[in-house]
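1. Structure, please.
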Amino acid sequence: MSNEIKVIANDSDLVLRIESELEYDSLFKLIKERENKKRELFQQDFISALEEDINRWYSVAEAGKILGGEKPIPHSSLTYYIDGLKEYILPEDAPSNKYMRLNYLSIIKMKMVLLLKDEFRLNGLKAEVGITGNPKNVVTRNDSGLPANDVEDDFSNRLEKLEAMNEMLFRLLIEKGDGGQPQLKEPLQALLTAENKLLEDQSSLLEIFEKQNGEIEDLKEENKVLKERIEKTEEYTQSMDKKHEINEDERKKILESEQKLNSIAETLRARQQAEEEWDQQGLFKKLRGNRSEFVTSRIKEILGEVSKG
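-> This is a model prediction of the structure:
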C-alpha cells in the first residue's frame, strides 16, 4: 500500500487529510464501523501532537509517547506489531538507516492496529491488510485443545506485560552516566556500596568473635585446671584432718578468670543485641549510618546500663 502523502484542499485540517489518505485502507474501514474506536482514533490530544509537525520522522520511542500520552507505550510492544505488519506500517520512503522511522501516517496506522488488536489479533490484522491470505476470525485448534486465537492472545498479552515490566524496571534502575553510558541510579549505587561495606563489617566482626571465642576457651581451660588444683588441695587437707588455707594467689586467679569470663559474656550479649538493633533499622537510616560505629556505640551504652543495674 502506497504511503505517498496526498495534497488536499484543506491541508490544515489533519482529520480530513487522514480520512483522505486512508480512504481505501481496510483497517480504517473497520474503525469507521466502530464509532467508539473512531472517536478514540481522532482523540484531540493525539491529533494535536501530530499537527505540531506532520513532516517529521519519528523514532519508535517518540511514537510510543504520542500513542500512549502520559503512559508511553514501550518500544518493545510497538516493535512486536511493527515487525509483524512491516509492509503495512512502515513508509516506503522512510530514511534508510538501521533505526526504524515513522511518519504521521505510520503512527495513525499503528494506533488503528492497537485499537483492533484485541479483536483481530496479529494474524487477523495481517489478513485484513493483505500480508497473509488467512481469512479473519478463523478458529483453529492446536495440541492444547484451545482455539489458536486464544493461544495467540494469551501469548501476546504475556509478551506485552513482560516487555512493559522490563521497560519499567530499566527506567527505575538505570540512568545515563558520563558519556551517555548506562549505569545504576545514584541511590541504588549508594545502596550497593553500603551493602559491600556491611559485608566488610560483618567479616571484621566474625574475626573478632572468633578471637574472643578462642580467649573464652583458653580461660575456661585455665579455670578448669585451677579448680582441679583447689579440689585436690581440699581433699588432701581433709584426709589429713587439717585445714589449710587455699593458696590465695590461686583464689585470686580464679576470681579474675571468672570476672573476665563474665565481662566477655556480657560484651558478647551486648554485641548481639546491638547487631539485632542495627538489622531492624530502616533502609535510609542504614544508608546514612555506619554499622560498625552504631554497634560499638550501642555496646558501650548496653554495658553501661548493665553496670548501673
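2. ok, E221 to L268 distance?
-> Going from E221 to L268 by C-beta to C-beta, to the nearest Å gives 18 Å. C-beta here means a position set from N, CA and C on the backbone, and glycine is covered the same way.
3. all helices for the stretch 201-309 of the chain, in order.
-> Here the stretch 201-309 of the chain has its helices, by DSSP state H, counting those that start in this stretch, at 248-279, 283-288, 291-308.
4. And E221 and L268? Which one has more around it.
-> Counting neighbours by other C-beta atoms under 10 Å for E221 and for L268 shows that L268 has the greater number, 16 against 10.
5. Reformat the helices of the stretch 201-309 of the chain as TSV; add distance to E92 and mean pLDDT.
-> Output for the helices of the stretch 201-309 of the chain, formatted as TSV (distance: least, C-beta to C-beta, whole Å; pLDDT from 0 to 100):
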stretch	distance to E92	mean pLDDT
helix 248-279	63	82
helix 283-288	54	76
helix 291-308	63	83
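6. how would you label the spatially most central residue of the chain: helix, strand or coil?
-> The chain has L169 as the residue nearest its centroid, 4.8 Å off, counting by C-alpha atoms, centre = their mean. Using DSSP: H, G, I helix; E, B strand; the rest coil, the structure places L169 in helix.
7. what sits against it?
-> The contact partners of L169, by C-beta atoms under 8 Å, 6 or more residues apart in numbering, come to none.
8. for the one 3 residues further on, same thing?
-> The neighbours of L172, taking C-beta under 8 Å, 6+ apart as the test, are K185.
9. Checking my notes, it in a helix, right?
-> Yes. Using three-state DSSP, the assignment for L172 is a helix.
10. what's the spacing between it and M165?
-> L172 is 10 Å from M165, by C-beta to C-beta.
11. Ok, E277 next?
-> Taken as C-beta to C-beta, the span from E277 to M165 is 36 Å.
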